[in-house]
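Novice: I would like the atomic coordinates for the input below:
(chains A and B)
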Amino acid sequence: MKNKMLGMILAGGKGTRLGKLTQNQAKPAVPFGGRYRIIDFTLSNCVNSGVHDVGIITQYQPLTLNNHIGNGASWGLDGLNSSATILQPYTDSRGSKWFQGTAHAIYQNIDFIDRQDPEYLLILSGDHIYKMDYELMLEDHIKNNASLTVAVIDVSMKEAHRFGIMNTDVSDRIIEFCEKPEHPQSNHASMGIYIFNWKRLREVLTTAFSTNDDMIDFGKDVIPYYLKSDERVFAYPFSGYWKDVGTIDSLWAANMEFLDTDNALDLYDRSWRIYSKDPIAPPQVITDNAEIDNSMVVDGCFVDGTVKHSILSTNVDVKKGAQIIDSVIMPGVKIGKNAVIKHAIIGENAEIGTGAVVEDEKGKIAVVGNSERVGVLQNEE
Amino acid sequence: MKNNKMSAIFSNQHEYKELKPLTDERSLSTLAFAGKYRLMDFPLSSIVNAGINNVYALINQEKVRSYFDHLGGGKEWGLDTIGSYQYIDFYQKIIQRQVSGEPYFADIIEFLKTTSYPYAVFIGNKMVGNFDLQSVLHYHQENGNKITGVFKKVKHDSLAFDDQVFVLDNNNNILANQQMMDTQKQFEYNLSLNIYIANTDWILKQLEKAQMSDSTADISKLLAALAAKYRSTAYEYTGYLRNIRDIKSYFDANMDMLDQKQFASLLQGNQKVITRIRNEVGNYYSAGSIVKNSIFGTGCRVFGEVKHSVISRRVEIDKNSWVLNSIVMSSVNIKKGAHVEYAILDKDVTIEAGVTIKGTLEKPIVIRKYDDVNDDWIRNRG
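Specialist: Predicted coordinates:
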C-alpha cells in the first residue's frame, strides 16, 4: 500500500534562544524529559498517526540529529512500507541550496517528495512537545475539501501577539492570517503544522520560484498567497498539551511539568507511546547514600547523592554528597562529590567538578553548556 | 581479519526443574536479570562483541515463544545485517535423531561448513558473565590447541549436578573431565563454563566421528571429553560469574548486582551487554518515596519504599508499601501498604493492598506470573 500522506519535519532550526544548549546541535536534538530528544515527539506522532514515510529536513548542526534518527529504526520507520530520510542542503549545477525558509526548504526537496508521490503533504516542525493524531487532521482536511489545513491551538489573548493568528468563520475556514498581530482579533494560534494537497502546493511553489516571486516561508508567504487566491484554507482546532520549548525558561518549565503525576502529556500512556533511540544502558543504580525525591531518573544513571525535584537523563553519574535540586541534567553528565546544582540546566556530557556550585542568579536559570566543565572532577573512589 | 573469524553455536540446552515455577512458561535463557536483561543476553552479547555474526542457536522446543519474543530478528545484536546469519534449531531434534539412528549432528556440521570460518565457538546458556571470546581465541592460537575450554575455579556451592569439571595439571592442561555428581568432594573445582573454541576443520571431523560411533548427543559433554582426550590447555576466566541452576542461585545473582563492584564488573566492562530495546519513559520517584541500594529498569513509578532490591520495567509501587531484599519483574503492581520481603515476584503479579509476602534469604517466596495475591504469605524459616 502506498502511503498517501508524506510527513516532512522541519528540523533545521537553530533555536537561538536556547543559547549554549544549541551551540553544537539543532533544537530538535535537544534532550527532553530524561529519555527523549525534542524531535521524538513529532516522529512518534507520525508513526502513531499512520504516517510511515517521513522526510527530516536538517541544516543547522545536524550531526547529533542524524546520529539519533539513523534509518528510523527506533520509530519502526525502517520497514517495507515506511522510511525515514534525512534531507540536508546540497549543491547542484545551479549552485548551493541553503534553505532560506520553511517553504524554500520544501521547494528544494521537490525531487524527494515527487519520488514518494503523496497526495497530501504534512508539514511539521521538529521543535514542539505534544501528542497529536495527524490522521484526524487529515480526515478534517478531506471532509472540508480543503487545499490547506492549518492546525491551531487557542492561546491566551495576552499571549496572542507572539503567534501567527488565524481568524476563522463559523465553519473554521480561515479568512485572515496575521503574523504576530499587535491587536489580535482571535486567539487561534498556528502550530506550524500544515496539510497541503501536494499537487497544488507543488504548482504554487514551482510557479513562484520560476518567476522569481519567491515563496520563502509558509507563514509569511505561502499562507497569505493561498488566502489571497481564495484557496480553501481551514483551521484544525487542537486542544491538549502543546509546548514550544524555545527558551531556557520554557525548556526548564516543560521538563519540570513531568514531575506532576497528573501532567497533561502523560508519558506513561501506552496507547500513544513516545519512541526514542535506546542507548542500551545498564539499569539505574540507587545507592544507600542516595536520596531521591519527586524526580525522574532513567537508564544508566548512578545516584549516590541527593536528587530533589529534578530530571536525570541517560548515563548521569551523581557522586556522594552531591545535591541536585530543581534541575534538568542532560545525558552523560558527571557530577562530582559534594557538588551543588540548583535551578539549572546542565548540558550533555558536561562535568561538574568536586564541590563545584552551579546556581541560578536572581531566579535566572543557570545553564552549563554541552561538554562544558565547571571546576575539576577529582578522580576518587 | 577474516583469518580470525569465528562462527558460534549457542546452546540453550540447560533447564533445571529447581527453577520452577519461574521457568513454567519461559526457558532458563529468557529469565529476567538485573531489572533489564535476560540470561541469554550474556552469552549472546559475548558472541557479538567478539565480532561473530554467524550464530546457530539451539533452543528448547517447548519454550519457543519466549526466545522469539526476546530475540526477534536479532536487530539489537546486529544479527540482522547482510552477511550475518542466525539459524535456530531445536536441541531436542538432535536427541530424537540419535534415537532414530540418523546423523544427529548433520545440521551443525552443515552450518559450520557453510560459514566456513576457521574457528568455531560453542557457548551455553546458564553462566552469567562477561566473556571476552577474542582473548580466548588468542589463547587458543598461542597454545596451538585444537580445542580450548574455558573454566573458573569455584567452590562446591556454585555447582550443579550436571556441570562438567576439569582435572588440570599445573599448566592448565586438561587431564580429565568429570560430571559434577561423579566427583569426590574437594576444596575447589575447575568448573567448565561450557564455552569452547575449536578449529573448525578439526571439530567437523570430531562431530562426524561422534555421530558415526553413536557417542553422546550432548555437545557440552562431548566437547569436555574431547578437550580432555587431546590434553589441550584450558583458559581461566577470572571475572564475575554465577552458575544459574536453582531459585537460590538466580536470587543471589540478581542480588550481586546491588554490589557496585560486581555490577561494574558484569555490566560496565569493556564489552557492552546488549538486550532487547524497550521504549519506556523514565522512572518517577515521588516526594515521600524512599529508595536505597536498589537497581531499576525503566517505566516504574515509586511512591513507597524500596530497599536492597532489583526492580524491572513498569513496576508500580504504591504509597506506604515497602519492598525489601526482593526481585520484582516487569509490570508488577504493589498496592498501598503491601509489604514484600525476600520474594521473587514474577511478571504481571499484583500484591493487593495491605498484603504481606515474606520469605527468607535461603528460601525466597516465588509468586507466579499473573497471580493476584490477596492473602499474606509468611515463611519464617528454611
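Novice: Model confidence at residue A:279, what's the number?
Specialist: The per-residue pLDDT reported for residue A:279 equals 85.
Novice: Could you pull up the contacting residues of the residue nearest to it when sequence neighbours are not counted?
Specialist: Nearest residue to residue A:279, sequence neighbours excluded (Cβ to Cβ, 6 or more residues apart in numbering or on different chains): residue A:314, at 5.5 Å. Any C-beta I mention is one placed from the backbone N, CA and C, and that applies to glycine too. Counting by Cβ atoms under 8 Å, 6 or more residues apart in numbering or on different chains, residue A:314 makes contact with A:34-35, A:279, A:281, A:298-301, A:331-332.
Novice: so what's whichever residue of the stretch 101-250 of chain A sits closest to chain B closest to, chain neighbours aside?
Specialist: Across the stretch 101-250 of chain A, no residue is closer to chain B than residue A:131, which sits at 12.7 Å (Cβ to the nearest Cβ). Using Cβ to Cβ, 6+ apart and skipping the chain neighbours, the partner closest in space to residue A:131 is residue A:272 (5.3 Å).
Novice: Please give me every residue in contact with that neighbour.
Specialist: By Cβ under 8 Å, 6+ apart, the neighbours of residue A:272 are A:44, A:48, A:131.
Novice: Could you pull up phi and psi at it?
Specialist: Here is the backbone geometry of residue A:272 (degrees, to the nearest 10): phi -140, psi 70.
Novice: Residue B:249 contacts residue B:241, doesn't it?
Specialist: No - Residue B:249 lies out of contact with residue B:241 (Cβ atoms under 8 Å); the separation is 10.9 Å.
Novice: Overlap in contacts, the two.
Specialist: residue B:158.
Novice: Those residues of chain A touching chain B, which are they?
Specialist: A:33-35, A:73-74, A:259, A:261, A:267-268, A:273-276, A:278, A:280, A:282-288, A:290, A:292-299, A:311-312 (Cβ under 8 Å from any Cβ of the partner chain).
Novice: What's the PyMOL syntax to select whichever of the residues you listed are buried?
Specialist: Only the buried entries of the residues of chain A next to chain B go into this PyMOL selection, using 16 or more other Cβ atoms under 10 Å in any protein chain shown:
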select buried, chain A and resi 33+34+35+73+74+259+267+268+273+274+275+276+278+280+282+283+284+285+286+287+290+292+293+294+295+296+297+298+299+311+312
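Novice: What about the residues of chain A next to chain B, which are in strands?
Specialist: A:284-286, A:292-293, A:295-297, A:311-312 (DSSP state E).
Novice: helix, strand or coil for residue B:340?
Specialist: At residue B:340 the chain is in strand, as set by DSSP: H, G, I helix; E, B strand; the rest coil.
Novice: quick one, longest helix in chain B?
Specialist: In chain B, taking DSSP state H as the definition, the longest helix is helix B:200-212.
Novice: residues of that one that come out buried?
Specialist: B:200, B:203-204, B:206-207, B:210-211.
Novice: quick one on the thing from earlier: which of the contacts of residue A:272 lies closest to residue B:299?
Specialist: residue A:44 (15.4 Å; Cβ to Cβ).
Novice: Give me the secondary structure label for the closest one.
Specialist: Following three-state DSSP, we place residue A:44 in the helix state.
Novice: So residue A:106 sits against residue A:6, correct?
Specialist: No - the pair residue A:106 / residue A:6 is not scored as a contact, 10.7 Å apart, by Cβ under 8 Å.
Novice: which one of those two has more residues nearby?
Specialist: residue A:106 (28 against 25; other Cβ atoms under 10 Å in any protein chain shown).
Novice: Check which helix or strand that one maps to.
Specialist: helix A:102-108 (DSSP states H and E).
Novice: Perfect, I'm done here.
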